[in-house]
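Trainee: Just a sequence and a predicted model for now, questions to come.
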Amino acid sequence: MRFIGRRRELELIRKELSLPRPSLIVAYGRRRVGKSRLLREAVDGTNEIYFQATRVSSTLNLEAFKAETARVLGSDPVIQSIESWEGILHYVANAAENGRKGLAVIIDEFPFVIDQDSSLPSVIQKFWDSGAPRKGSLKLILCGSAIAQMEELLAERNPLYGRKTMTLEVKQLPLRDAALFFPGYDSRQAIEAYGIFGGIPHYLQLCDPDKDIRQNVVDLLLTETGALVDEPTTLLQTELRDPGTYSSILAAIADGCTTSSEIAGRLRSDSSSLPPYIQRLSKLDLVNVNKSLDATEKERNRRYSLNDPLIAFWHHFVRSNLSAINSGFGERVYEDVIEPRLSEFMGPAFERICLDHARLYAQESVGSPAMEIGSIWGHAEFDIDVAGRTLGGSFFYGECKWQTKQIDLSVVEKLRLRSERTVYGAGKTGKNYLLFSRSGYRPEVNELAKTDTSIHLLELDDLARYPSREPALHP
């Protein structure tokens, strides 16, 4: 399958790999986000040792790494005689110096190795400081899904502190890249697919682009053998201890509990016990911790939201209907439960998409990158879906409407009034107003936007499609 998206990440990695010096790259991200494929695409397989560690002893992982080294560099009795990680690292550094300059060594799922041999970071430090990687410009890439452990490698107390030359956190694909998995979908269909399956490449690859959204949902989530019907449960069991508590927190957020007190009330627990769980879910990119942009530093008006659309969809529609699904009634679940409520579910999903797009839009159309993006809430009379500030100092405010009717002038005027009532950007001139609409705009709104350059009307194509340049497709 061709590689889709990640243009910026590819550029950054390839730039680092092209430098005439050794590189120590630390790449991490949650399961199935596409780290391994990205790294292998960047290296391009021409001068590479790729090793996938497993949950076995350090000795067995070392033997497997030696076997892969011999496969790539050629059989050599010396390799078989090596009995340590330090020894094999010096061997590949010597190979880079003698005919394999710029050799890239990827150790994938690196935490599996250090779980069994905690001394390995110190071994790599000693190897790196020896200068052995320098002459052959060796490129050592450490990759892993255990985010906390990978971040620990970068901590000041860790032996590898100060040695890495690049850090890369691989996150979910943005909408425009995800839409490329569905070339036959129009923009509305692509946005709905993204609102359900999100930006995890593995989930998107499981979808059949020749089937409509309904059939993909039924096949993957509403069939007892569907590839994703147990995915949220499996993800938590793989990544976390006490998955039941984490799942309960995710369920509470999916059901509309957005504050610590609301979540604690739902779980019948003390809110003071929640921070470690929320922090871990945030590290896994499953939960967003948000604060209103007009809140002071001391205010505690944090809200929690789900950052994984598939998990949000699963908790909304699948979890409570698993018995029916496992009894073969997935089609009925879609007809009776999902279809009548899908538009309601897509409302918050569309707001998240618009927030992401506002960052792009600031650069593409306003001409200045966004310094911050968020929302404004906590006021009895109003909320603002999208707000932010550009590097140039201008403020913008946005309204998102996932509805069947077109946006009229009253929506524009309400957004203007709300922007004047918040302290965020108060007293500033040159404000911009972003409107995001599923169904377009009334003629009078289009006419106003022609003469008022502060009003920006965004269509679904603007969100889901790349502008005139080539899309992020790769052979």
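Mentor: On my side now, so go ahead.
Trainee: where exactly do the strands run in the stretch 251-400 of the chain?
Mentor: For the stretch 251-400 of the chain, the strands defined by DSSP state E, counting those that start in this stretch cover 287-291, 302-306, 370-376, 384-390, 395-401.
Trainee: In TSV: those strands, plus mean pLDDT, distance to Gly131 and mean neighbour count.
Mentor: Backbone N, C-alpha and C define where each C-beta goes, glycine included. Shown next, in TSV, are those (pLDDT from 0 to 100; distance: least, C-beta to C-beta, whole Å; neighbours: other C-beta atoms under 10 Å):
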stretch	mean pLDDT	distance to Gly131	mean neighbour count
strand 287-291	93	43	17
strand 302-306	93	48	19
strand 370-376	93	41	18
strand 384-390	94	45	23
strand 395-401	96	51	23
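Trainee: Redo these as TSV? Include distance to Gly29.
Mentor: Below are those laid out as TSV (distance: least, C-beta to C-beta, whole Å):
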stretch	distance to Gly29
strand 287-291	15
strand 302-306	17
strand 370-376	21
strand 384-390	25
strand 395-401	27
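Trainee: Beyond the lowest-mean-pLDDT helix or strand in the chain, next helix or strand please.
Mentor: Within the chain, confidence by mean pLDDT, DSSP states H and E is lowest for helix 147-152 among all helices and strands, at a mean of 86. For helix 147-152, the following helix or strand on the C-terminal side (DSSP states H and E) is strand 166-169.
Trainee: For that following strand, the averaged confidence score.
Mentor: Mean per-residue pLDDT for strand 166-169: 95.
Trainee: mind giving me the domain split of this protein?
Mentor: As assigned by automatic domain parsing, the chain contains the domains 7-169, 175-349, 351-464.
Trainee: Pull the distance from the longest one to the chain's centre.
Mentor: Here the centre of mass of C-alpha atoms in domain 175-349, compared against the chain's by C-alpha atoms, centre = their mean, to the nearest Å, lies 13 Å away.
Trainee: Next: stretch 389-399.
Mentor: 24 Å.
Trainee: contacting residues around that stretch?
Mentor: 354, 358, 362, 366-372, 384-388, 407, 411, 414-415, 418-419, 424-425, 428, 430-436 (C-beta atoms under 8 Å, 6 or more residues apart in numbering).
Trainee: now with 6 Å?
Mentor: With contacts defined as C-beta atoms under 6 Å, 6 or more residues apart in numbering, stretch 389-399 is touched by 362, 366, 368-372, 384-388, 411, 415, 419, 425, 428, 430-435.
Trainee: same thing with stretch 83-96?
Mentor: 66, 73, 82, 103, 105, 120, 123, 127, 132-133, 136, 138.
Trainee: Gly184 belongs to a strand, doesn't it?
Mentor: No. Read with DSSP: H, G, I helix; E, B strand; the rest coil, Gly184 is coil and lies in no strand.
Trainee: Could you shift the numbering so residue one becomes 19, and keep it that way?
Mentor: In the new numbering, first residue 19, that becomes Gly202.
Trainee: How about the contacts made by it?
Mentor: The contact partners of Gly202, taken as C-beta under 6 Å, 6+ apart, are Pro227.
Trainee: tell me the pLDDT at it?
Mentor: Per the predicted model, pLDDT is 96 at Gly202.
Trainee: Check Gln223 too.
Mentor: At Gln223, the pLDDT value in this model is 96.
Trainee: any idea which element Ile67 lies in?
Mentor: Using DSSP H and E, Ile67 falls in strand 66-70.
Trainee: In that strand, which residues are buried?
Mentor: Buried residues in strand 66-70, counted by 16 or more other C-beta atoms under 10 Å: 66-69.
Trainee: can you give me the helices for the stretch 219-368 of the chain?
Mentor: 219-224, 231-239, 249-257, 261-272, 278-285, 293-301, 327-331, 340-344, 348-351, 357-379 (DSSP state H, counting those that start in this stretch).
Trainee: among those helices, which is nearest Leu191?
Mentor: Counting by C-beta to C-beta, Leu191 lies closest to helix 219-224 out of these; the figure is 6.3 Å.
Trainee: Put the alpha carbons of the closest one into CSV.
Mentor: Extracted in CSV, the C-alpha atoms of helix 219-224 (Å, rounded to 0.1, in the frame of the first residue of the first chain):
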residue,chain,number,x,y,z
PRO,A,219,-3.5,5.0,9.8
HIS,A,220,-4.2,1.4,10.8
TYR,A,221,-7.9,2.1,11.3
LEU,A,222,-8.1,4.0,8.0
GLN,A,223,-6.4,1.2,6.1
LEU,A,224,-8.9,-1.3,7.4
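Trainee: and stretch 23-33, how far from the chain's centre?
Mentor: The chain centre lies 15 Å from the centre of stretch 23-33; the measure is C-alpha atoms, centre = their mean.
Trainee: C-alpha coordinates for that stretch, PDB please?
Mentor: Presented in PDB, the C-alpha positions along stretch 23-33 are these (Å, rounded to 0.1, in the frame of the first residue of the first chain):
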ATOM      1  CA  GLY A  23       0.500  11.800   4.400                       C
ATOM      2  CA  ARG A  24       3.200  12.800   6.900                       C
ATOM      3  CA  ARG A  25       4.900  15.100   4.400                       C
ATOM      4  CA  ARG A  26       6.300  17.400   7.100                       C
ATOM      5  CA  GLU A  27       7.600  14.600   9.300                       C
ATOM      6  CA  LEU A  28       9.200  12.900   6.300                       C
ATOM      7  CA  GLU A  29      11.000  16.200   5.400                       C
ATOM      8  CA  LEU A  30      12.300  16.600   9.000                       C
ATOM      9  CA  ILE A  31      13.600  13.000   9.300                       C
ATOM     10  CA  ARG A  32      15.200  13.000   5.900                       C
ATOM     11  CA  LYS A  33      16.900  16.300   6.600                       C
END
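Trainee: Pull out the buried residues from that stretch.
Mentor: Buried, per 16+ other C-beta under 10 Å, within stretch 23-33: 23-25, 27-28, 31.
Trainee: Equivalent analysis for stretch 125-141, please.
Mentor: Residues of stretch 125-141 classed as buried: 125-134, 138-139, 141 (neighbour count, 16+ other C-beta under 10 Å).
Trainee: Name the nearest of those relative to Arg318.
Mentor: Distance to Arg318, by C-beta to C-beta, is smallest for Pro129 among the buried residues of stretch 125-141, at 34.0 Å.
Trainee: average model confidence for the strand or helix carrying that closest one?
Mentor: Assigned by DSSP H and E, Pro129 belongs to helix 128-134. Averaging pLDDT along helix 128-134 yields 94.
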